Every structure is written in structure tokens, then in C-alpha cells.
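>>> Here is a sequence together with a model predicted from it:
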Amino acid sequence: MIQIRWIMVLLAAIVMIVAVSRKEAKSAILPFVMGMVYGVLIDLVGANLLRFWEYPGSKLVYCLVTVPCWGIFGVLINLPWNWIKSFWLAFTVITIALFSMMELPNLITRSWVYHVPMWIVVIGWIPLIFSFRAIYCAIIALWEFVYGLPEFSYFGTEKR
């Protein structure tokens, strides 16, 4: 049975191939690190504190697999968003694509198990995607403010 982590790796490989072809491979560093940190915070609140979901398996598997998958999730949201440019089009395409490629297979694989109704899971994807993008943009804005750069050029993002 295929696990969600392999879907994440495949999606990340596709996005990275596109990023390399566009000479933007460095632009994946920030969303990857931000995704890992923010994903762990989401899990601390959603899975550990509120018990909305759980990950079957050991803590070692969580650290070795789930944490990097959150980083990949950050890349899968922010790099394509930079490429699409249109805010609502990017939000719609990314949300539908990631939801379809992660939640639908999870109904079979049960890589994580929900303790809330599915309609809450569906609605929860809206703030999930928006917050990943908002934090990414806030980090870029802070970098530009502190260093006075016209763009966040090291990470390959374009001017807004």
C-alpha cells in the first residue's frame, strides 16, 4: 500500500524539477524550513493538544518522516504560488490539488487518523493554506524591511 509520504516525495520532485528548470532551486529553502517549523507547531496544537488527528506509529517515524513532509508541504504551497501570480487562482489550484493528492489517498492509507468530522477537515484546509502562505510572505517582508533589499533575491522570489 502506498503511503502519503511517497506522494509528497513525488510532488516535491516535480516542483523541484520545475524550480531547477527556472533556476529557482534556492527558493525552496525558505518554504521548506518554514514548513517544517510551522508543521510541528500545527501538530503540537492540532494533534497533541486538541486531538483533532493522530499519526499511527512511533515518535521516531514522526521525526524522520512527518516533519520533512511538512517542509515539502511548505514548498508545494509557496513555489507554485509564486509561479501562478494570481492570488485566488493560486489559492484555488493549490488547495484543490493538495487536498486531492493528500486527503483522498489518506482515506485508504490512513497515514493519519482524524477524530473530527470530514467537513471540518475540508474547511480546515482554507486557513491551513492561507497561513502557510501568510507566514512565508511575512518572513520575506521582514527580511526586506531589516535588510532594505528591494526583493528577497537570495530565495529567488519575485517582487510583489
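Ah, there it is.
>>> Would you verify that Ile140 is located in a helix?
Yes - counting by DSSP: H, G, I helix; E, B strand; the rest coil, Ile140 falls inside a helix.
>>> now for the least confident helix or strand in the chain by mean pLDDT, which elements pack on it?
When the helices and strands of the chain are scored by mean pLDDT, DSSP states H and E, helix 59-61 comes last with a mean of 76. Applying 3 or more CB pairs under 8 Å, 6 or more residues apart in numbering; DSSP states H and E, we find helix 59-61 packed against no helix or strand. All C-beta spots, glycine's among them, are computed from the backbone N, C-alpha and C.
>>> Go ahead and name everything in contact with whichever helix or strand comes after that helix.
Counting by DSSP states H and E, the next helix or strand C-terminal to helix 59-61 is helix 67-84. For helix 67-84, contacts defined as CB atoms under 8 Å, 6 or more residues apart in numbering pick out 4-5, 8-9, 11-12, 15-16, 18-19, 22, 24, 27-28, 30-36, 38-40, 42-43, 90-91, 93-94, 98, 129, 132-133, 136, 157-158.
>>> let's see 6 Å
Helix 67-84 is contacted from outside by 5, 8, 11-12, 15, 19, 28, 31-32, 34-36, 39, 90, 94, 132-133, 136, 157, using CB atoms under 6 Å, 6 or more residues apart in numbering.
>>> Also stretch 30-49?
Applying CB under 6 Å, 6+ apart, the external contacts of stretch 30-49 come out as 52-54, 67, 70-71, 73-75, 78, 135-136, 155.
>>> Quick one, which of the residues you listed are buried?
Buried members of the contacts of stretch 30-49, scored by 16 or more other CB atoms under 10 Å, are Phe52, Trp53, Trp70, Gly71, Phe73, Gly74, Val75, Asn78, Ile135, Tyr136, Phe155.
>>> Thank you kindly, that will do.
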